[in-house]
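Asks: here's a sequence, model it:
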Amino acid sequence: MRTKSFKIAGLVIATTLALTGCTSATGDDSTGGDDVFKVAAFTAGYATPGGKSTLDLFVERGTALGWDVTLYTSAFDYDKINSDMQAAINQGVDAVLAGFPDPRQITPLVNAANEAGIPIFSIDGGVVQNDDFVVDITFKQQQLAELTVGAMGGLEGKDVMVIGHDPHIGIMTRSNLAADMLEEAGANIAGGEMKQVLNPGTSREEALKFVTDYLQANPDSLDGVWVGWDDAALGAVQAIEEAGRDDIFVTGIDALGIAAVEIEKDGPFVGSVFQNWSAVVDSMTDLMGAYAEDGTLPTEKFVEVDGELIDLSNVADFTPTI
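Replies: Down below sits the predicted model:
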């Protein structure tokens, strides 16, 4: 079994890629011949900071290894992703990298890869093992929920808004876990149910509206906002600050650089969980490199790693990677 490294990397090297369409990158030492390891990578979540930075980094790392990497993206348009990937597979690739996929929406490309005998390596492709992937590396949703709920402090009798996005299986899972934990700790879910962001690409604006509307209707209510990812959490923070409230706590997940800045201000944003996607990319390129070298496939198909809570106690020493 190969050893998986999950060391913290302090820098994300970004490449400039289109929001929709595809970009191809080839290592300097490659000639584009048949001996070059060809990877078709995709994400429908390129509009989000985490999706963009992670896939850009994968392209950068793969290119540095001499691979021919083509990245296909969309703004959550899986019809486009399936069409583009089926065409790429038919044209001939050695491996597929699925970035933050919704496994419920990629059956056409999975079938095409299976028929061609091409392995699919996945980053954050679900919360359980999926035999469509030769490996899926993700973070422990239970731990993410526990850390963020715990960061909110005493919850008995508190009104807490929960903001999720069910089309993303990971966010759906941790949001429901968090809602259950909040209620078990004595909190009330503000509005009676979880708020659902429709499009992660506009999540900051949607969360801003959720919290603003709630505070206008309930000016003396709301003690906290639990959010499944940072971009939406930043919208909640903005709404709270615009309302002039200093007693509502917000938690997020991702530990974006801009979120770390907000946490260090000691304002509404009290904590976020660092998901080290840079380290995940390192591990994924190791695993794909082994396959490129001699056809070795990962022996462990589902790998869950821990996140790290970033709050006022450690944010000054934290180096964001997104």
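Asks: contacts and neighbour counts: CA atoms only from here.
Replies: Fine.
Asks: measure Gly224 to Ile240 for me?
Replies: As for Gly224, its distance to Ile240 is 10 Å (criterion: CA to CA, to the nearest Å).
Asks: please apply the same query to Trp67.
Replies: Trp67 is 47 Å from Ile240, where distance means CA to CA.
Asks: also Gly289?
Replies: 47 Å.
Asks: nearest residue to Gln129 other than its sequence neighbours?
Replies: Using CA to CA, 6 or more residues apart in numbering and skipping residues adjacent in sequence, the residue nearest Gln129 is Phe302, 5.1 Å away.
Asks: if we can go back for a sec, give me the common contacts of Gly224 and Ile240.
Replies: With contacts taken as CA atoms under 8 Å, 6 or more residues apart in numbering, Gly224 and Ile240 have Ile248 as neighbours in common.
Asks: list the helices and strands the longest helix along the chain packs on?
Replies: The residue-count maximum for a helix in the chain (DSSP state H) belongs to helix 277-294. Using 3 or more CA pairs under 8 Å, 6 or more residues apart in numbering; DSSP states H and E, the elements in contact with helix 277-294 are helix 49-64, strand 120-123, strand 135-139.
Asks: quick revisit: more neighbours: Gly289 and Ile240, which one.
Replies: More crowded of Gly289 and Ile240, by other CA atoms under 10 Å: Ile240, with 26 against 18.
Asks: pLDDT below threshold where in the stretch 151-300 of the chain?
Replies: Scanning the stretch 151-300 of the chain for pLDDT under 70 picks out no residues.
Asks: let's see it at 90
Replies: Confidence mapping of the stretch 151-300 of the chain against pLDDT under 90 gives the ranges 167, 201.
Asks: where do the helices sit along it?
Replies: Assigned helices in the stretch 151-300 of the chain, in chain order: 169-184, 203-217, 230-242, 257-264, 277-294 (criterion: DSSP state H, counting those that start in this stretch).
Asks: single out the most deeply packed of the ones you listed.
Replies: The highest mean neighbour count among these, using mean count of other CA atoms under 10 Å, belongs to helix 230-242: a mean of 24.
Asks: ok, residues contacting that helix?
Replies: 48-49, 163, 200, 203-212, 225-227, 246, 248, 250-256, 259, 268-269, 272.
Asks: then stretch 84-101?
Replies: Contacts for stretch 84-101 (CA under 8 Å, 6+ apart): 37-45, 51, 55, 72, 108-109, 112-113, 116, 118-126.
Asks: go on, stretch 245-252?
Replies: So stretch 245-252 is contacted by 148-149, 151-152, 222-230, 233, 236-237, 240, 267-273 (CA under 8 Å, 6+ apart).
Asks: need the next SSE after the host helix or strand of Gln86, C-terminal direction.
Replies: Using DSSP states H and E, the element containing Gln86 is helix 78-91. For helix 78-91, the following helix or strand on the C-terminal side (DSSP H and E) is strand 95-99.
Asks: that next one to helix 78-91, inter-axis angle?
Replies: Interaxial angle of strand 95-99 relative to helix 78-91 (axes from the mean of the first three to the mean of the last three CA atoms, to 10 degrees): 160 degrees.
Asks: follow-up on the earlier one: phi, psi for the residue nearest to Gln129 please.
Replies: Per-residue torsions, Phe302: phi -130, psi 110 (degrees, to the nearest 10).
Asks: so it bridges to which residues?
Replies: Beta-bridge partners of Phe302, counted by DSSP bridges, are Asp136.
Asks: and it, how many neighbours?
Replies: The number of residues packed around Phe302, counting by other CA under 10 Å, is 21.
Asks: hmm, back to that, distance to Gln196 added to the helices of the stretch 151-300 of the chain, as TSV?
Replies: Below are the helices of the stretch 151-300 of the chain laid out as TSV (distance: least, CA to CA, whole Å):
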stretch	distance to Gln196
helix 169-184	10
helix 203-217	9
helix 230-242	11
helix 257-264	21
helix 277-294	25
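Asks: nearest to Val315, of those?
Replies: Of all those, it is helix 257-264 that lies closest to Val315, at 6.3 Å by CA to CA.
Asks: the closest one vs helix 230-242, what angle?
Replies: Relative orientation of helix 257-264 and helix 230-242, computed by the same axes, to 10 degrees: 40 degrees.
Asks: chain center to helix 257-264, what's the gap?
Replies: Taking CA atoms, centre = their mean, to the nearest Å, the mean C-alpha location of helix 257-264 is offset from the chain mean by 18 Å.
Asks: do the same with stretch 135-152
Replies: In terms of CA atoms, centre = their mean, the centre of stretch 135-152 is found 12 Å from the chain centre.
Asks: how about stretch 152-167?
Replies: 20 Å.
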